[in-house]
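Chemist: Fold the following for me, if possible:
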Amino acid sequence: MSILIDQDKRVLVQGITGREGMTRTQLMMGYGTNVIAGCTPGKGGQTVLDVPVYDTVEEAWEEVGPIDISVVFVPAPLVKNAALESIEAGVQLLVLIPDRVPIYDVLEIARAAKANDAQFIGPNSLGLLSPDKAVLGMMGGRAQSAREWFKKGNVGVSSRSGGMTSSTAYYLSKAGIGLSTIVHVGGDAVVGLPHPDVMQLFEADPETEAVVMFGEIGGSQEEQVADLIESGQLTKPLIAYIGGKAAQSGTRFSHAGAIVEGGRGTHEGKVKRLREVGATVVDKFDDLPKATLQVLGRS
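Modeler: Alright, predicted model coming up:
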């Protein structure tokens with residue numbers, strides 16, 4: 001199985017007529033994602049890669065039927081309106097790709113999603129990919145690359161870093177470790193499905209045997225994952241690497257969500273807390289595949 005995405009989910013692309021929207025739609029369709037419609041206000045009636053384009057999400061829903069997922073490729077100031085439009089139309093999962101979305105806009109999206117039993121990944125996310133099934137967003141760059149790099153299996157990947165999401169999945173696959181779903185939760189301080197939520201989805205997936213997490217300084221996502229392990233809500237083995245060891249307080253590591261403030265969210269604190277509850281935490285990123293193989297009993 002996979003979490004959040006498979007080849008049967010019906011996908012809408014908001015901003016499909018833009019350069020990024022077109023390019024990533026080609027990736028998604030080439031990989032097997034079931035893209036059924038696009039949406040760009042004022043561009044209704046056009047087609048992109050033979051996908052019909054509509055002016056509104058509601059119109060797309062009326063014409064092509066129910067939509068499970070919307071992938072959003074619009075400028076950051078327009079993300080809130082695009083997301084709210086999809087949520088109000090009944091879409092249950094959104095993938096918000098752009099970065100620099102105002103934090104108060106994200107909070108409004110979160111309130112609307114909660115009120116409508118919807119979920120969202122990101123913002124500032126590469127998206128997610130389930131090997132041999134589907135990709136949402138821009139992971140892999142090209143369909144052929146995604147097929148070659150990421151192998152199907154029973155290990156989940158959750159990461160706060162876009163580049164390291166792909167690198168983690170690539171090196172695990174290269175070591176012979178197949179993957180169930182690869183998730184980039186997003187690099188901002190506030191995201192829709194942070195590490196703890198993704199972990200609970202993997203816990204409920206009968207075909208995910210273990211989870212690899214790329215964590216970072218800043219915030220408390222990794223400590224919350226440790227709380228899940230301690231309370232028995234995450235029972236599957238967790239193998240983790242925490243980036244940002246050398247960062248000083250007040251220094252941003254890579255992106256907006258990875259910053260130590262007032263001693264909160266330190267590398268040392270995250271590593272200590274995860275190890276206290278029994279997670280396997282490696283000191284070097286390169287050790288993730290070996291540690292995962294050992295945890296799986298395949299060393």
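Chemist: Report back the residue of the protein that's furthest from centre.
Modeler: Most distant from the centre of the chain: residue 45, at 31.0 Å, with distances by C-alpha atoms, centre = their mean.
Chemist: That one contacts residue 53, correct?
Modeler: Yes - using C-beta atoms under 8 Å, residue 45 is in contact with residue 53, at 7.0 Å. To be clear about C-beta, it is placed using only N, CA and C from the backbone, and glycine gets the same treatment.
Chemist: and residue 93, how far is that from residue 226?
Modeler: Counting by C-beta to C-beta, to the nearest Å, the separation of residue 93 from residue 226 is 27 Å.
Chemist: err, residue 179, not the other one
Modeler: From residue 179 over to residue 226 (counting by C-beta to C-beta), the distance is 23 Å.
Chemist: and what of residue 285?
Modeler: Counting by C-beta to C-beta - residue 285 and residue 226 are separated by 20 Å.
Chemist: quick one, which of these two is more surrounded?
Modeler: residue 226 (23 against 15; other C-beta atoms under 10 Å).
Chemist: show me what contacts the more buried one?
Modeler: For residue 226, the contact set (C-beta atoms under 8 Å, 6 or more residues apart in numbering) comprises 273, 274, 276, 277, 279.
Chemist: Just the buried positions in the helix or strand containing it, please.
Modeler: Element membership for residue 226 (DSSP states H and E) is helix 221-230. Within helix 221-230, the residues that count as buried by 16 or more other C-beta atoms under 10 Å are 221, 222, 223, 225, 226, 228, 229.
Chemist: Could you identify the helix or strand that succeeds that helix?
Modeler: Helices and strands here follow DSSP H and E; after helix 221-230, the next one along the chain is strand 238-243.
Chemist: For that following strand, name the packing helices and strands.
Modeler: Judged by 3 or more C-beta pairs under 8 Å, 6 or more residues apart in numbering; DSSP states H and E, strand 238-243 is in contact with strand 210-216, helix 221-230, helix 267-276, strand 280-282, helix 288-295.
Chemist: Minimum distance to residue 89: which of these has it?
Modeler: Closest of the helices and strands packed on strand 238-243 to residue 89 is helix 221-230, at 29.7 Å (criterion: C-beta to C-beta).
Chemist: show me where the protein has helices.
Modeler: 19-31, 57-64, 79-89, 103-115, 143-149, 162-174, 195-204, 221-230, 267-276, 288-295 (DSSP state H).
Chemist: got any ranges where the stretch 51-200 of the chain has weak pLDDT?
Modeler: Low-confidence segments of the stretch 51-200 of the chain (pLDDT under 70): none present.
Chemist: what residues go with each domain of the protein?
Modeler: 10-121, 150-295 (automatic domain parsing).
Chemist: then stretch 96-107 to CSV, C-alphas only?
Modeler: Extracted in CSV, the C-alpha atoms of stretch 96-107 (Å, rounded to 0.1, in the frame of the first residue of the first chain):
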residue,chain,number,x,y,z
LEU,A,96,0.9,23.2,-1.8
ILE,A,97,4.2,23.5,-3.7
PRO,A,98,5.1,27.2,-3.5
ASP,A,99,7.4,28.7,-0.8
ARG,A,100,7.1,32.1,0.8
VAL,A,101,3.3,31.6,1.5
PRO,A,102,2.4,34.1,4.2
ILE,A,103,2.1,32.3,7.6
TYR,A,104,-1.3,33.8,8.3
ASP,A,105,-2.5,32.5,5.0
VAL,A,106,-1.4,29.0,6.0
LEU,A,107,-3.2,29.4,9.3
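Chemist: Now that stretch: buried residues?
Modeler: Those would be 96, 97, 98, 99, 101, 105, 106, for stretch 96-107 by 16+ other C-beta under 10 Å.
Chemist: residues in contact with that stretch?
Modeler: Outside stretch 96-107, the residues touching it (C-beta under 8 Å, 6+ apart) are 20, 24, 71-77, 79-80, 83, 109, 120-127, 137-138, 186-192, 255-256.
Chemist: Could you rerun that using 7 Å?
Modeler: 71-76, 79-80, 83, 120-125, 127, 137-138, 187-190 (C-beta atoms under 7 Å, 6 or more residues apart in numbering).
Chemist: circling back: wait, which of the helices and strands packed on strand 238-243 is closest to residue 113?
Modeler: Closest among those, using C-beta to C-beta: helix 221-230, at 18.1 Å.
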